[in-house]
Every structure is written in C-alpha cells, then in structure tokens.
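>>> Next come a sequence and a model predicted from it.
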Amino acid sequence: MFAGLAALAGCGSPGSASKGNSGTLTFANRLRVPPLLEPVVTKDGTRQFSLTMQAGRTELLPGRPTATWGFNGPFLGPTVRAKRGDRVAMRVHNKLGEPSTVHWHGMRLPAAMDGGPHQMIEPGGTWTPRWTIDQPAATSWYHPHPHGTTAAHVYRGLAGLFLLDDPATAALGLPSTYGVDDVPLVLQDKILDPNGVLLEDPKPTWGLIGDQILVNGVHDPFFEVTTTLVRLRILNGSSARMYHVEFADRRRFHVIGTDAGLLAAPVPVERVQLSPGERLEILVEFAPRDQVVLRSVAGDNGIDEGDYDLLKFVAADRLTPRPPVPGRLAATPRIEVPADARERRFRLSGSDEINGREMDMARIDEVVPAGATEIWHVENTVYAHNFHIHEVAFEVLDIDGQQPPAYLRGPKDTVFVPGKSTVRLAVQFGHFTDPKTPYMYHCHILRHEDKGMMGQFVIVRPGTEASVPRTLPTHH
Ligand code: C2O
Ligand code: CU
Ligand code: CU
C-alpha cells in the first residue's frame with residue numbers, strides 16, 4: 001500500500017507528469033466494480049431507478065480521503081442496467097448545492113429526457129425523465145451536462161455506466177456475469193496532490209489532464225480473473241486524455257462492440273484507441289496463472305503523451321471455462337445511406353467553435369426531419385478534437401477518405417477527429433420530434449464543450465423543417 005503512495009508522490013514532480021507512470025505501480029488495490037443499481041418495479045412494470053448527486057469523501061489514495069462527488073455514494077455512480085423494451089423512469093435528485101444535469105450518453109430518447117444543458121436540475125431539485133428502451137445492446141453511460149461546468153462535474157466524480165441488453169443478442173452467449181466475466185473499466189485521469197486533494201488545474205488547450213489514472217475510481221488496481229474469457233467494457237471517461245490500450249505482452253484480443261452496439265464480427269487487434277466519451281467492448285482470453293498488465297501507450301495526437309500502466313489482470317490457478325470467441329455477432333443492420341441523403345458540414349476551429357460560432361443555448365443550429373439518415377462531414381482545421389452527437393447512432397464512413405480501422409466499423413455516437421482531417425459519418429436519426437427542445441452535438445473534450453464547441457439540433461416532423469423557429473427563449 002505504502003509503496004504505491006511513494007510512487008505517486010514521485011509522479012507528481014514537475015516534468016515527469018506527462019511521461020506516464022510506467023513501471024511505478026504495484027497493483028496493490030482490488031479493482032472496484034460499480035454496483036448494479038436495483039430498480040423499483042412499479043405496478044405498471046416500469047423500472048424506476050433513483051440517482052442522487054452528492055458530495056462525499058473517497059480514499060482515492062490509501063489513508064488520504066479526497067473530497068469528491070458521486071451518484072448514490074461519494075464517487076462515480078452505480079451501473080444502471082436495462083433491456084430493450086423496458087420502460088424506465090429515473091429519479092435524479094441533486095444534492096450538490098449547485099445546478100447540474102444528468103445526460104444519458106448513447107441513449108435514444110425524446111429530447112426532453114436527454115439531460116442536456118436545457119434540463120437543469122436545481123440544487124435540492126429532482127428530475128424524473130422516463131422513456132422506453134428501444135435500441136440494441138450497448139455500453140452507454142451517464143454524466144452531467146450543465147453548460148460551462150461539465151468538465152468540473154465529471155472530473156469530481158459524476159459518471160456511471162448504463163448497460164443495455166437486447167434479447168435478440170442474448171443468445172450469442174457472450175460473457176455476461178457482471179463483475180466476474182463482464183467487467184466495466186472506467187478510465188479517468190486525475191491530479192491528486194500527496195494529501196489526496198483532487199486538483200483542478202486546467203491546461204490552456206486541453207483542460208483537465210491528470211497524471212494519475214484511476215480505473216473505476218481505483219488507483220493502482222488489479223483484477224482477479226476466474227474465467228477463460230473476459231468481456232471488458234472500456235469507457236474513456238476522461239476530460240481530454242486519449243488512451244491507446246494494449247496488453248503489456250501484446251496479446252491479441254477481440255473488439256466486439258463500439259459505442260452504440262455490437263460489430264458484425266469480432267475484430268482481432270493488439271491495440272485500440274479511445275477518445276473521451278468513446279466505449280469499446282472487448283473479449284480477452286486468459287490462461288491459468290496469467291499475469292498481465294493492461295496499459296495505455298503514448299500516441300501522437302498531442303493530448304496523450306505518456307505510457308501508463310492501468311490495471312493488472314491476475315488469473316486464478318483454475319479458470320472456469322467459457323465458450324470461445326464467437327465467429328459472428330448478431331450485427332445491428334448497417335446504416336443504409338439513401339442516394340439523396342442530406343449532407344451537412346461542421347468545421348471545428350480553435351477550441352470553442354463549430355462553423356465559426358460558439359454554442360448559444362438560444363440558437364437552433366440544425367433542423368433534422370425525424371427518421372432521416374444524413375451524411376455529416378466533420379472537418380477539423382486544427383489540433384485533435386472529437387465529435388459526439390446525442391440521440392443518434394452513426395457509422396464512420398471514412399477519415400480523410402480512408403476507411404476507419406475494422407474495429408471502429410460498428411455503430412457509434414462519438415468519434416475521434418484527428419487534427420487537420422475530415423471524418424464523414426452516416427448518421428441515423430430517431431423518431432422523437434420536439435421542435436422546441438434541442439439535442440447537442442459537440443467535441444467531447446470537455447473543456448472544448450464547456451467553452452462552446454457545441455451546437456444544437458432539433459428533430460421535427462418531416463415537412464415542417466422550414467417553419468421551425470430557430471431561436472429559443474433562454475432561461476439562463
Ligand atoms: Cu457524453 Cu453531450 O455528452
Ligand atoms: Cu451524449
Ligand atoms: Cu475539442
């Protein structure tokens with residue numbers, strides 16, 4: 001325990017901060033797996049989940065309690081799990097002492113339930129969105145989205161997973177025993193001073209970048225493997241940091257799912273990249289007594305220098321057999337792009353603008369007919385950004401004219417946009433219409449989002465686009 005702390009203190013010295021922690025961890029702490037949130041099932045079958053945003057104290061470093069925020073506890077949030085067809089009702093109570101929101105990142109739902117910056121929850125207030133889950137199995141998540149303070153709220157600990165199951169893919173037999181062979185890994189970087197104080201020291205371009213990487217809120221973690229195959233659901237829950245994830249022994253693993261659902265077939269890889277907000281589901285095979293470190297290696301995007309050990313897997317002497325990696329996955333149908341698909345262009349410049357404008361809560365930037373499939377061109381004129389669209393699922397058509405790597409050809413809602421490049425997306429919009437309540441699209445580097453690299457779109461009844469008001473009354 002104490003060795004880990006000494007190593008930490010070393011990491012905090014100036015100059016070493018951007019180089020990573022490689023070789024300094026002792027993997028002393030058991031990985032915490034966020035508990036599953038039990039719903040109350042009401043008379044009509046609705047599954048009601050309660051989340052309370054609250055302040056608390058967490059031992060992020062042994063013996064050094066840190067002031068943090070969390071849902072239903074001092075840090076991070078429980079895992080919400082629901083299946084296709086479920087009616088869900090959320091009760092989100094804000095005990096933070098300042099306004100916030102909770103956004104269901106990856107969820108396809110009416111705009112008023114989305115939890116973006118227009119659905120503020122005042123201190124002491126409770127917000128009660130409800131909707132019916134109607135989308136494929138996926139690893140979604142939830143986090144605050146108050147305009148201007150999202151980065152701080154997420155960094156202090158407000159984030160949780162929202163796992164979606166689908167009876168249609170249950171038969172694949174993928175590992176699904178939560179916390180045993182189906183394990184979420186929430187990757188977040190923090191700056192912790194030697195007393196355990198969580199420092200908020202935003203870098204000018206990238207915002208909150210830390211030199212300690214926590215997995216599910218645990219510093220220096222290990223995970224005990226008890227099965228021959230493990231499914232990991234990896235979330236980049238950081239404000240800006242990129243992760244280039246691989247195993248230290250360079251073993252191959254299989255990507256089975258992207259942000260919004262499963263791939264057509266498992267894709268073997270040695271390394272995957274996740275930008276903030278992205279998720280990947282992977283399958284990893286283990287042999288008895290395997291010990292292997294999962295790490296993130298330095299990239300060349302300008303926001304991800306450093307080699308970081310993340311987590312050590314320690315396999316038991318005997319492992320419970322699991323079926324092998326399936327040859328095919330029940331694929332979500334590919335997004336069909338009609339020949340006359342509408343194309344829209346989004347130009348990212350600096351760190352606070354899209355198409356030359358900062359986010360304005362009172363301005364509707366785009367009006368989309370319900371059910372449309374469109375091609376969105378996201379052109380990045382500067383350094384690295386990424387792009388997330390609420391409500392939709394999209395596929396990456398190409399990056400500078402090149403097909404994306406095979407493991408990214410699944411349904412997504414967030415995509416990395418390298419510096420000075422253009423990403424084309426086939427975007428499928430949903431059917432919930434509401435001309436007065438916008439959804440967001442934005443860079444998921446949270447400082448950029450907070451500063452205004454965000455826009456708003458509404459989904460409306462086809463044919464009514466021209467008559468939709470482009471301004472909204474503001475309440476802020
Ligand atoms: Cu993960 Cu608009 O957010
Ligand atoms: Cu979102
Ligand atoms: Cu950005």
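Arrived safely. Numbering: from 1, shown residues only. Ligands and ions are numbered 1, 2, ... in the order given.
>>> ok and the residue in the protein nearest ligand 2?
The minimum distance from the chain to ligand 2, using CB to the ion, falls at residue 105 (3.7 Å). For glycine as for every other residue, the C-beta is placed from the backbone atoms N, C-alpha and C.
>>> okay but that residue is in contact with residue 142, surely?
Yes. At 6.4 Å, residue 105 counts as touching residue 142 under the criterion of CB atoms under 8 Å.
>>> The residue of the chain closest to ligand 2 and ligand 1: what is the separation?
4 Å (CB to the nearest ligand atom, to the nearest Å).
>>> bridging residues for that residue?
Beta-bridge partners recorded for residue 105 (DSSP bridges): residue 141.
>>> Residues of this structure that sit close to ligand 1?
With CB under 6 Å from any ligand atom as the criterion, the chain meets ligand 1 at residues 103, 105, 143, 145, 277, 388, 390, 440, 442, 444.
>>> ok, now which ones touch the fifth one?
In this structure, residue 277 makes contact with 105, 236, 386, 388, 413-414, 444, judged by CB atoms under 8 Å, 6 or more residues apart in numbering.
>>> how about a cut-off of 6 Å?
Each residue near residue 277 by CB atoms under 6 Å, 6 or more residues apart in numbering is listed here: 388, 414, 444.
>>> quick one: which of those residues has the most company?
Counting neighbours by other CB atoms under 10 Å, residue 444 comes out on top of the contacts of residue 277 with 26 neighbours.
>>> what are the phi and psi values for the residue nearest the centre of the chain?
Closest residue to the average C-alpha location of the chain: residue 277 at 3.2 Å, with CA atoms, centre = their mean. Dihedral pair for residue 277: phi 90, psi -20, per degrees, to the nearest 10.
>>> Nearest spatial neighbour of it, chain-adjacent residues omitted?
With sequence-adjacent residues excluded and distances taken as CB to CB, 6 or more residues apart in numbering, residue 277 is closest to residue 444, at 3.6 Å.
>>> pretty sure that neighbour is touching residue 385, no?
No. Applying CB atoms under 6 Å, one finds residue 444 not in contact with residue 385, separated by 8.7 Å.
>>> pretty sure the residue of the chain closest to ligand 2 contacts residue 139?
No. Look at residue 105 against residue 139 with CB under 6 Å: they stay out of range, at 10.3 Å.
>>> what helices or strands is the lengthiest strand in the chain leaning on?
In terms of residue count, the longest strand belonging to the chain (DSSP state E) is strand 47-61. If you count contacts as 3 or more CB pairs under 6 Å, 6 or more residues apart in numbering; DSSP states H and E, strand 47-61 packs onto strand 64-71, strand 87-94.
>>> Worst mean pLDDT among the ones you listed?
Note on those: lowest mean pLDDT is at strand 64-71, with a mean of 94.
>>> Next, the angle from it to strand 87-94.
In terms of direction (axes from the mean of the first three to the mean of the last three CA atoms, to 10 degrees), strand 64-71 departs from strand 87-94 by 130 degrees.
>>> List the buried residues for strand 64-71?
64, 66, 68-71 (16 or more other CB atoms under 10 Å).
>>> next one: stretch 148-163
For stretch 148-163, by 16+ other CB under 10 Å, it's 149-163.
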